[in-house]
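Enquirer: here's a sequence, model it:
(one chain, ligands or ions: 1)
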Amino acid sequence: MENITVIGAGVMGRGIAYVCAAGGYQVQLVDIHSDQLEQAADEINKLFEKSVMYNKLTIDRMQKAIAAIQFSMDLEQAMQSADMIIEAVTEKLEMKRSVFEAAERHASEHTVLATNTSTMSPTEIGSFTSRPDKVIAMHFFNPVHKMRLIEVIRGLETSDETVEKVQQVGAQIGKEIVVVNEFPGFVTSRISALVGNEAFFMLQEGVGTPEEIDKAIKLGLNYPMGPFELADLVGLDARLNNLKYLHEKLGEKYRPAPLLEKYVKAGRLGRKSGRGVYDYSSDPKV
Ligand code: NAD
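Expert: Numbering: from 1, shown residues only. Take a look at the predicted model:
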């Protein structure tokens with residue numbers, strides 16, 4: 001395994017590209033929007049500079065890793081050379097479908113086809129190809145360079161060999177792995193979506209200010225981040241997409257809070273748009 005292609009250069013894709021390059025892989029990061037690729041390059045460079053500043057990488061290693069990442073809008077070419085494709089496009093099934101149908105056309109037979117979906121079924125995504133044994137969910141966490149876990153989810157047809165390859169990549173990029181069976185939302189997104197949604201209902205009901213609710217959860221329940229701080233980091237649109245999917249699959253308790261929908265309609269998407277529950281207009285991006 002040498003070449004990893006990451007599809008989607010948003011919040012997650014750029015983080016995944018960074019950890020893969022830092023771990024010694026040749027990486028191609030693909031997006032359909034050139035501005036996303038430019039922002040990704042900028043953020044990745046800043047992350048590398050910080051790694052050198054905190055003695056996590058040598059300057060030599062940083063330069064090699066930076067040189068190992070290519071930014072591209074040519075999906076076909078980037079898929080052809082990949083030993084592993086990690087899809088990190090928007091959490092909408094039809095968008096995942098188009099990427100996996102393209103992988104079916106362009107990727108080699110041996111290529112592992114991983115999805116970074118937060119909630120969706122790797123079995124269903126595997127059915128978009130004729131090689132479901134190579135398809136697997138590889139769920140990274142945000143921010144990717146700091147979070148230690150990859151939650152790996154096998155689809156019905158995922159082979160042991162595919163699971164092993166993902167475990168090897170995880171070890172090489174310094175992550176811990178947990179392998180779980182398929183169910184909507186897996187382990188982490190199911191819990192996180194419920195907690196985050198409940199916080200929006202509380203805000204809507206006037207139970208407290210965002211600051212008070214976040215402080216209560218952090219200091220009272222020992223969570224490292226408050227639910228609104230986390231929602232702003234994850235992206236309110238990403239959180240809403242997860243809830244819509246879980247609502248459809250698992251029922252009423254995942255119905256998105258109307259206030260969350262209202263924030264997304266207003267373009268308050270979190271840190272990435274400069275404003276979510278909190279205002280980040282004066283904060284640096286990374
Ligand atoms: P995002 O909106 O920040 O980025 C998505 C990117 O995909 C955009 O840059 C978009 O231009 C690009 N894109 C869309 N269609 C494409 C295509 N056909 N080819 C190439 N690029 C395409 O989204 P995100 O928050 O990075 O989420 C990506 C995936 O990761 C989703 O499945 C999400 O559920 C999952 N995820 C997100 C988080 C999080 O905290 N944000 C955490 C874990 C998993």
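Enquirer: how near is G220 to E212?
Expert: To E212, G220 is 11 Å away according to Cβ to Cβ, to the nearest Å. In this view, the C-beta of every residue, glycine as well, is placed from N, C-alpha and C.
Enquirer: just L243 next, same as before
Expert: 23 Å.
Enquirer: so these two - more neighbours on which side?
Expert: For L243 versus E212, neighbours defined as other Cβ atoms under 10 Å are more numerous around L243 (24 against 13).
Enquirer: skipping adjacent residues, who's closest to the residue of the stretch 151-286 of the chain found nearest the ligand in space?
Expert: Nearest residue of the stretch 151-286 of the chain to the ligand (Cβ to the nearest ligand atom) works out as V234 at 3.6 Å. Spatial nearest neighbour of V234, excluding adjacent residues (Cβ to Cβ, 6 or more residues apart in numbering): N142 at 5.8 Å.
Enquirer: tell me the phi and psi of the residue of the stretch 151-286 of the chain closest to the ligand?
Expert: Dihedral angles of V234 (phi, psi; degrees, to the nearest 10) stand at phi -70, psi -40.
Enquirer: contacts only, for it.
Expert: V234 makes contacts with 11, 142, 196, 270, as judged by Cβ atoms under 8 Å, 6 or more residues apart in numbering.
Enquirer: cutoff 10 Å now
Expert: Residues touching V234, when contacts are defined by Cβ atoms under 10 Å, 6 or more residues apart in numbering, comprise 11-12, 118, 141-142, 189, 192-193, 196, 242, 269-272, 276.
Enquirer: how close does it get to V152?
Expert: V234 is 20 Å from V152, by Cβ to Cβ.
Enquirer: and stretch 166-181, how far apart are its ends?
Expert: 15 Å (Cα to Cα, to the nearest Å).
Enquirer: near the ligand, which residues of the stretch 151-286 of the chain?
Expert: Within the stretch 151-286 of the chain, the positions adjacent to the ligand are 234-235, 238 by Cβ under 6 Å from any ligand atom.
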